[in-house]
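Colleague: make a model of this:
(one chain, ligands or ions: 1)
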Amino acid sequence: MDTGLDGKVALVTGGASGIGLAAARALAAEGCRVMLADLDPRTAAAELERAHPGAVGEVVVDVSAPAQARRAVSAAVERFGRLDVLVTSAGVYETQGVDGLSDEEWDRTLAVNLSGTYHCAHAAIDAMAVNGWGRIVTLASSAAQTGGGAGGPAYVASKAAVMGLTRSLAKHAGPKGVTVNSVVPGLIETPMTDRLRPEHREIAATLTLVGRNGTPADVAAVIVMLASEGLGFVTGSHVNVNGGLVMD
Ligand code: NAP
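Modeller: Predicted coordinates:
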């Protein structure tokens, strides 16, 4: 399939690790120039730059701060002249349940996962509207559908909110030529889920129809699909990437 992404410019928040890094690699392989926005993107950007000389940028941002989220977008435009694709993969995951969760963890999780997504996407839509074309892919989670396993209430709430936000942003962005969709991953083996107990990961694998947990590349493949030129009639959608864990 020709994705039509050759020469486009992509911004990936959380691009230094896990799903974001896999998405950045996959988008670069399709010919995108890629800006990695993360708390510390230097190592990942250097690795990607070796494979794609001149096609990789990096910007240090904390997406929970609105001005820094907007800075991620302006950095991509300053470096590469335009913005076509945004992947909002920056995220945090709290392990405490309802009774153990601190007020600070609640606020931090919502600030990164929900507000960070909103502020990056809002600025990106404005930048994409200049060219009348854009693709935004947000990161939800099957935890929003199941109520979570090890994931706590702030994580579940933030990801459910991202799914609603995706639909609202799709309505705002559609007339500007920009689609907004979310991927809804099940358990994906990344540094984030490395923190889970091994038995939790093993049980999660048995709950899928394919008998395994996901890889970052499994999610990146769907992100590339949603970012591609030919998917212009798909917007406000949620695409499960969960091995059949949840079907809706
Ligand atoms: P990951 O490997 O931990 O990657 C997340 C990246 O986001 C890390 O580089 C992290 O930096 C960065 N980050 C955290 N807070 C940030 C902030 N305030 N500003 C900028 N960057 C920040 O996790 P992942 O598993 O790839 O998760 C990526 C996304 O997918 C998240 O939104 C997650 O909720 C979602 N997701 C993951 C799974 C899964 O099973 N893995 C399932 C469903 C959804 P540090 O490492 O320095 O904190």
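Colleague: now the residue lying closest to Ser17 once chain neighbours are set aside: phi and psi?
Modeller: Leaving out its chain neighbours, the residue that sits closest to Ser17 by Cβ to Cβ, 6 or more residues apart in numbering is Pro191, at 5.4 Å. For glycine as for every other residue, the C-beta is placed from the backbone atoms N, C-alpha and C. When read as degrees, to the nearest 10, the backbone of Pro191 gives phi -60, psi -30.
Colleague: neighbours of Pro191, just the number please.
Modeller: Per other Cβ atoms under 10 Å, the neighbour tally for Pro191 reads 11.
Colleague: do Val112 as well
Modeller: So Val112, with other Cβ under 10 Å, has 23 neighbours.
Colleague: just checking, it touches Gln68?
Modeller: No. The criterion here is Cβ atoms under 8 Å, and Val112 misses it with Gln68 at 11.2 Å.
Colleague: what do those two both touch?
Modeller: Asp62 (Cβ atoms under 8 Å, 6 or more residues apart in numbering).
Colleague: about what we covered before: how far away is the residue nearest to Ser17 from Tyr93?
Modeller: 10 Å (Cβ to Cβ, to the nearest Å).
Colleague: one more: Val239?
Modeller: Counting by Cβ to Cβ - Val239 and Tyr93 are separated by 21 Å.
Colleague: same thing with Ala170?
Modeller: Ala170 is 25 Å from Tyr93, by Cβ to Cβ.
Colleague: Three-state assignment for Asp99, please.
Modeller: In three-state terms, and counting by DSSP: H, G, I helix; E, B strand; the rest coil, Asp99 is coil.
Colleague: the ligand contacts on the protein?
Modeller: Within reach of the ligand by Cβ under 6 Å from any ligand atom, the chain has these residues: 13-14, 16-20, 38-40, 61-64, 89-93, 112-113, 116, 139, 141, 185, 187-188, 190-193.
Colleague: repeat the analysis, applying 5 Å as the threshold.
Modeller: 14, 16-19, 38-39, 62-64, 89-91, 112, 139, 141, 185, 187-188, 190-193 (Cβ under 5 Å from any ligand atom).
Colleague: filter the residues you listed down to the buried ones and hand me the PyMOL line.
Modeller: PyMOL command restricting the residues of the chain next to the ligand to the buried ones, with burial defined by 16 or more other Cβ atoms under 10 Å:
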select buried, resi 14+16+17+18+19+38+62+63+64+89+90+91+112+139+141+185+187+188+190+192+193
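Colleague: in helices only, show me the residues of the chain next to the ligand.
Modeller: Using DSSP state H, the members of the residues of the chain next to the ligand that fall in helices are Gly18, Ile19, Pro191, Met192, Thr193.
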